[in-house]
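**Q** after the sequence you'll find the predicted model.
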Amino acid sequence: MTATEMNGKELAKKVRTDLAGEVLQLKEKGITPHLTVIIIGDDPASKSYVRGKEKASAEIGMSSDIIALPSSTSEQDLLNQIDDLNRNETVHGILVQLPLPDHINEQQVIESISPEKDVDGFHPVNIGKMVTGNSTFLPCTPYGIITMLKAHDVSMEGKHAVILGRSNIVGKPIGQLLLNENATVTHCHSRTENLTEYTKEADILILAMGRANAIRGEHVKNGAVIVDVGINRLEDGSLTGDADFPSAAAKASKITPVPRGVGPMTITMLLKNTIKAAKGLSAVGK
Ligand code: NDP
């Protein structure tokens, strides 16, 4: 079998066109969805992600601003800054770019963002709502994956979804969302014994380890759907996923490429969440 490519860049473009229409409608009502991103320090990857979010916001007519703070910023100063943004009615979404410097408690920061403005979907209140299947801001990468699977008519109900990875931002929440879609879910991680026994059983295989080209065709069930979340930079500067693309694609029925796969969908869902936040404010008449 040779897999069909699930191209996230193309789908993201389509979804963003729809979102631009929603922004226009909100603007007609006097509301411009606004995202504020806080970045601390000089990490080049974080800076590039933040610029990407700003550009994507502008492209669909949303407004955004970046608050760039030095890595010496104290936790209290950051919490005060977030408190101001929580109270600012023109700010609909707040995102603190992770990772944070070691002297700042990441969990404390996540919990200080108002759940109504937590467009990353990392606040425990929003995670709780996701787990119980209630409306909330879904974490952007898993939300993007589910959106992609649905757009490509991948049936999830009753299927065995195997997830390699259990991080709070990707592995755990994508497992929960697949469970909410009635898949049977198995989580694997670095302590899993005989990993490939599980990968070979997967109807839907989610790769979120950050291990370049680790999963090859012989580890994959014939006809499986593979979503490759991994982003790994090789020595020559190129990017690759967790799958060895040629051999995995030869076995799978559908597969996401890296790049142009999950990445563009992640930012798209951030935009979607921010628009949702802006709509929430309008619903209570603010
Ligand atoms: P983490 O490093 O937080 O988590 C990696 C997970 O993979 C852990 O649960 C770890 O297990 C597991 N793991 C690592 N090595 C192995 C192994 N050899 N066998 C089985 N499991 C293993 O990463 P993230 O979840 O943040 O990200 C995962 C990947 O996805 C990265 O490449 C990242 O760059 C990419 N990413 C892509 C995004 C996108 O938009 N496309 C967004 C976010 C991330 P354990 O828990 O036991 O340590």
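**A** Sure, I can see it.
**Q** contacts and neighbour counts: CA atoms only from here.
**A** OK.
**Q** what about Gly52, which SS state?
**A** Put simply, Gly52 is helix when judged by DSSP: H, G, I helix; E, B strand; the rest coil.
**Q** at which residues are the strands of this structure located?
**A** Counting by DSSP state E, the chain has strands at residues 4-5, 34-40, 63-69, 93-96, 160-164, 184-188, 204-207, 225-228, 232-233, 239-240, 254-255.
**Q** so which of the ones you listed is the most packed in?
**A** For the strands of the chain, the largest average neighbour count (mean count of other Cα atoms under 10 Å) is found in strand 225-228, namely a mean of 28.
**Q** which residues touch that strand?
**A** By Cα atoms under 8 Å, 6 or more residues apart in numbering, the residues outside strand 225-228 that reach it are 145, 154, 203-208, 241-243, 252-258, 261-262.
**Q** near the ligand, list only the ones from those.
**A** Among the contacts of strand 225-228, proximity to the ligand is found for Ala208, Val262 (Cα under 6 Å from any ligand atom).
**Q** of the contacts of strand 225-228, buried ones?
**A** Buried members of those, counted by 16 or more other Cα atoms under 10 Å: 145, 203-208, 241-243, 252-258, 261-262.
**Q** neighbours of Glu28, just the number please.
**A** By other Cα atoms under 10 Å, the residues close to Glu28 number 10.
**Q** with the one 5 residues further on instead?
**A** Pro33 has 27 neighbouring residues, counting by other Cα under 10 Å.
**Q** local confidence estimate at it?
**A** Note for Pro33: predicted pLDDT of 98.
**Q** show the contacting residues for it.
**A** Pro33 is in contact with Val23, Leu26, Met62, Ser63, Val91, His92, Thr274, Ile275, Ala277, Ala278, counting by Cα under 8 Å, 6+ apart.
**Q** nice, that's everything, thank you.
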